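> The following block contains a protein sequence and its predicted model.
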Amino acid sequence: MLRRLERKAEPEDQSLFRMDKAQQRIWYQQKPLNLTPTEFRLLELFLEHVGQVYSRAQLLDHINPDSFEVADRVIDSHIKNLRRKISDAAETGNRHEWVQAVYGVGYRFEYPED
């Protein structure tokens, strides 16, 4: 018997971020982010594991489960684009570096400190 995996139809509220996994869409401050499928998978992982540090290799495994060889610096390009898209959607005066580089390790997603 085959079972279908049920996907949530309801968007998940992540404070300033809202995610609809079924539609593969994410909003920041009520504005839709125009993400590529790879950027969506990265931001989905970061939103589900805020504060967790991921190496480039771990992020590559997440976005490329088929494991064909890709340079790990590809992640840097996707992170740069993701940062830009979030920044472009930010309200004036509400800018924060959501995806932070952890020197010598990789990247993590952090909410601003109050």
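Received, thanks. Numbering: from 1, shown residues only.
> what sits against the spatially most central residue of the chain?
The geometric centre of the chain, computed from its C-alpha atoms, lies nearest to residue 43 (Cα atoms, centre = their mean), at 0.8 Å. By Cβ atoms under 8 Å, 6 or more residues apart in numbering, the contact set of residue 43 is 17, 19, 26, 33, 35, 82, 109. Where C-beta positions appear, they are placed from N, C-alpha and C, glycine not excepted.
> need the next SSE after the helix-or-strand element of the chain with minimal mean pLDDT, C-terminal direction.
Scoring the helices and strands of the chain by mean pLDDT, DSSP states H and E places strand 12-14 at the bottom, with a mean of 47. Counting by DSSP states H and E, the next helix or strand C-terminal to strand 12-14 is strand 17-20.
> Just the C-alpha atoms of that next one, please, in CSV.
Presented in CSV, the C-alpha positions along strand 17-20 are these (Å, rounded to 0.1, in the frame of the first residue of the first chain):
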residue,chain,number,x,y,z
PHE,A,17,8.5,35.2,8.0
ARG,A,18,5.6,33.1,6.7
MET,A,19,6.1,29.9,4.9
ASP,A,20,3.7,27.8,2.8
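> going forward, begin numbering at 28 instead of 1
Okay, residue one is now 28; in that scheme the one you just asked about reads as strand 44-47.
> Quick one: which of the contacts of residue 70 is the most crowded by neighbours?
residue 53 (25 neighbours; other Cβ atoms under 10 Å).
> still on that earlier bit, the residue nearest to the centre of the chain sits in which helix or strand?
Residue 70 is part of helix 64-75 when elements are defined by DSSP H and E.
> which regions of this structure sit below the pLDDT cut-off?
28-42, 94-97, 99, 119-121, 141 (pLDDT under 70).
> Would you map the helices across it?
All helices of the chain, identified by DSSP state H, fall at 64-75, 83-90, 101-116.
> for the last one, packing partners?
What it means is helix 101-116. Packing partners of helix 101-116 (3 or more Cβ pairs under 8 Å, 6 or more residues apart in numbering; DSSP states H and E): strand 58-60, helix 64-75, helix 83-90, strand 126-129.
> which residues are contacting that helix?
Residues contacting helix 101-116 (Cβ under 8 Å, 6+ apart): 55-56, 58, 60-63, 65-66, 69-70, 83, 86-87, 90, 122, 124-126, 134.
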